[in-house]
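Asks: below is the sequence, then the predicted model.
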Amino acid sequence: MPVPNAPSDASAAPPRRSFAKVVISSLIGTTVEWYDFFLYGSAAALVFGAVFFPDSDPLTGILLSFGTYAVGFVARPLGGLVFGHFGDRVGRKKLLVISLLLMGGATFAIGLLPGYAAIGTAAPLLLIVLRLIQGFALGGEWGGAVLMVSEHGSAKHRGFWASWPQAGVPCGNLLATAVLAVLAATMADPAFESWGWRIPFLLSGVLVLVGLWVRLAVEESPVFQAAATRAARLRAQQEATERAPIIEVVRRHWREILVAMGVRLAENISYYVITAFILVYAVQESGVERGTVLNALLVAAAVQLVAIPIWGTLSDRFGRRPIIAFGAIGTGAWAFAFFPVIDLGGFGAVLAAAAVGLVLHAAMYGPQAAFFSELFGTRTRYSGASIGYQLASIVAGGLAPLIATWLLSQFGSAVPVSAYVAGACVLTLVAVWASRETRGRDLDDPLFAADDTAATG
């Protein structure tokens, strides 16, 4: 006999071992994919200018290589659309496996790609194609990974647990920077620029196999399964057809999409200024050794790895909006201290600049997975979260290193770069102010059930 007011199977907490497997698989999968993505950004700042654009002066070569870097961000919204659509139709797990294979294959191929000296203009063109594949794959990865954790766990601690896939970002950055730092310390610059840079890209093949093995072991999201069952029953009863999730989420939740995009601006721009543009500024403007910068980023990424779940936990207690707003205010203020601290020179200065920046960034990034998951219904959640997250990446993270490098070259000062970051923080604060608090929302509650019904017409 059913118990009155008992929670549905979809909303009940999963067995501890099963849930731990979901969290670990999401963390490892996102770590592998972000390792691939960040590796490209570091290589663009360090060697791609010389390898693929050798006829340009050093700064122009970096601008061109950052241009190919930005191409990956252009492809991310398309990946979010495609993976979001099918992820809302057929499930989260299958699409996560596909995204991992695409990302790993493209990264491995970059490691085998001949340079400009060998095949001429075909080299940068092929580099752009592979970067597009990377961006497309990553566009579908984030939404599925965070939803698997958010939809398996309970509402009370969603901010903490959903922050672990977010921690895959510093983990991937940590891994990519560690490999590059080891190579920079053990190889002469000519050898690194000739063939050593290929090693980290080829290692991606091994990492993908590990991630694939872990990801295949998890079960599909119970919240998605329950929503799919409701939709199938509704279609059978009413002889209705299921509407495209992308159309429904844009029609019914365009405000939430805009909020998600606004929340992403400061977080995304500041992150790529801290982790990618710092390699340009510290080495070329402040005269810091490349290996020193990479080692400082390595430690700073480890600090951020710890900070992300802490901020996620605080968002469970105080709400998503206050924590994100604090991060935006802190990041906007630190943007004006970031470059003067680097100018002090040495490992400690670069570490302090990057670590403080990444801890403040984590305040915006840690609660983000839970916040975005709580904005949309189950049958449109993958599409909605992915669109909001990835559309912002075009004008934010994708262009951030390029814009920062251009501002530096035009004004000969980092102050305009600081103002650029601070301006993004103001826009994020506006988005937070315009949003509603979502902490504690049941992802399978009647509000979202109504959304799922509307998605079947």
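Replies: Nice, thanks for sending it over.

Asks: by residue count, tell me the biggest helix in this protein.
Replies: Using DSSP state H, we find that the single longest helix of the chain is helix 58-90.

Asks: how distant is it from the center of its chain?
Replies: Counting by CA atoms, centre = their mean, to the nearest Å, helix 58-90 is centred 11 Å from the centre of its parent chain.

Asks: pLDDT of that helix, averaged?
Replies: Averaged over helix 58-90, pLDDT sits at 77.

Asks: list the buried residues in it.
Replies: Buried positions in helix 58-90, judged by neighbour count with 16 or more other CB atoms under 10 Å: 61-77, 79-89. In this view, the C-beta of every residue, glycine as well, is placed from N, C-alpha and C.

Asks: so what does that helix touch, helix or strand wise?
Replies: Applying 3 or more CB pairs under 8 Å, 6 or more residues apart in numbering; DSSP states H and E, one finds that helix 58-90 makes contact with helix 16-43, helix 49-52, helix 92-112, helix 122-152, helix 245-252, helix 378-395, helix 400-411.

Asks: in the protein, which ranges drop under the pLDDT threshold?
Replies: 1-17, 56-59, 62, 221, 224, 227-228, 230-245, 444-457 (pLDDT under 70).

Asks: picking up where we left off before, out of the helices and strands packed on helix 58-90, which gets nearest to residue 163?
Replies: When these are ranked by distance to residue 163, counting by CB to CB, first place goes to helix 122-152 at 8.9 Å.

Asks: what comes up buried for that closest one?
Replies: 123-124, 126-127, 130-152.

Asks: elements contacting it?
Replies: Using 3+ CB pairs under 8 Å, 6+ apart, helix 122-152 sits against helix 16-43, helix 49-52, helix 58-90, helix 92-112, helix 158-186, helix 222-238, helix 368-373, helix 378-395.

Asks: give me the angle between the helix or strand containing residue 314 and helix 158-186.
Replies: Following DSSP states H and E, the helix or strand that holds residue 314 is helix 290-318. Angle between the axes of helix 290-318 and helix 158-186 is 170 degrees (criterion: axes from the mean of the first three to the mean of the last three CA atoms, to 10 degrees).

Asks: how about helix 290-318, which residues are buried there?
Replies: 290-305, 307-309, 311-316.

Asks: same question for stretch 276-287.
Replies: Buried residues in stretch 276-287, counted by 16+ other CB under 10 Å: 276, 277, 278, 279, 280, 281, 282, 283, 286.

Asks: in strands, which of those residues appear?
Replies: Among these, no member is found in strands (DSSP state E).

Asks: of those, closest to residue 359?
Replies: For these, the closest approach to residue 359 (CB to CB) belongs to residue 278, at 15.2 Å.

Asks: CSV for the helices and strands packed on helix 122-152, including distance to residue 215?
Replies: Shown next, in CSV, are the helices and strands packed on helix 122-152 (distance: least, CB to CB, whole Å):
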stretch, distance to residue 215
helix 16-43, 5
helix 49-52, 32
helix 58-90, 14
helix 92-112, 6
helix 158-186, 12
helix 222-238, 16
helix 368-373, 17
helix 378-395, 16
